[in-house]
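> for reference, the sequence and a predicted model appear below.
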Amino acid sequence: MGRILYHGGPRGLQPGDTIEGGHTRRMHDNCPLCRMHAKNDPTDPDHTQHPEHAYCTPIKIYARQYAALCAGDLYQVRPADGHDLMPGDEPDIEEYRCDQLIVVRCVERHVTLTWKDRRKLQRWMQTLPGYKPGPDHLARNASAHMLNQWQARQITQAQALANRHQ
């Protein structure tokens, strides 16, 4: 393939470690999204059709988002010998899935997304062909006050969605 591939996953993996499907993002008890993920809820925004596979992408900010979701690390990965990359679940995002990925190196430990990172991710998503801004669209030049209001709404919406599915 020749491109650098990234995987956002749990903390502490070392070069040579194997990543397989069924990751441990389900471990955060107070996270409404983790509860949805644990129940394999089809309305989960991170619902996958292939939980038996590990995912990777050449899009660093996209992989960082997944690392931040599980309070984890960002890794450079490659498919394990004899394992082929298959297209991921998102038609508009360059992502791949594989039976096994091998950690090449840790790119960033303890990933958190700053507001600048979140705006960068939002701007990137706006360039996707299938992107449709929702009613809670974050403006490109959002002020700190607007960002705080947006974050509060996102948390409230995630909690309400999780509560409906309990």
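Thanks, I have it.

> what ranges does the chain have for its strands?
Assigned by DSSP state E, the strands in the chain fall at 5-9, 18-20, 54-56, 73-79, 86-87, 96-98, 100-108.

> check the offset of the longest one from the chain's centre.
Its chain's C-alpha centre and that of strand 100-108 lie 15 Å apart, by Cα atoms, centre = their mean, to the nearest Å.

> which elements pack onto it?
Counting contacts by 3 or more Cβ pairs under 8 Å, 6 or more residues apart in numbering; DSSP states H and E, strand 100-108 packs against strand 5-9, strand 18-20, strand 54-56, helix 60-69, strand 73-79. All C-beta spots, glycine's among them, are computed from the backbone N, C-alpha and C.

> identify the residues contacting the first one?
By Cβ atoms under 8 Å, 6 or more residues apart in numbering, the list of residues contacting strand 5-9 from outside reads 19, 23, 54-60, 62-70, 72-78, 96, 101, 103, 107, 111.

> show the buried residues in these.
Buried subset of the contacts of strand 5-9 (neighbour count, 16 or more other Cβ atoms under 10 Å): 19, 23, 54-57, 59-60, 62-70, 72-78, 96, 101, 103, 107, 111.

> ok, back up a step: reformat the strands of the chain as TSV; add distance to D117 and mean pLDDT.
Shown next, in TSV, are the strands of the chain (distance: least, Cβ to Cβ, whole Å; pLDDT from 0 to 100):
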stretch	distance to D117	mean pLDDT
strand 5-9	12	93
strand 18-20	23	90
strand 54-56	19	90
strand 73-79	12	96
strand 86-87	26	88
strand 96-98	23	91
strand 100-108	11	96
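
> nearest to Q149, of those?
Closest to Q149 of these, according to Cβ to Cβ: strand 5-9, at 26.7 Å.

> quick one: the closest one to strand 100-108, angle?
Following axes from the mean of the first three to the mean of the last three Cα atoms, to 10 degrees, one obtains 80 degrees for the angle between strand 5-9 and strand 100-108.

> next, the angle from strand 5-9 to helix 60-69.
Using the same axes, to 10 degrees: strand 5-9 against helix 60-69 is 20 degrees.

> identify the bridge partners of V77.
L5, V103 (DSSP bridges).

> residues in contact with the residue nearest to T112 when sequence neighbours are not counted?
In this structure, T112 finds its nearest non-sequential neighbour in A68, 5.6 Å apart by Cβ to Cβ, 6 or more residues apart in numbering. Neighbouring residues of A68 by Cβ under 8 Å, 6+ apart: 8, 111-113.

> that'll do, ta.
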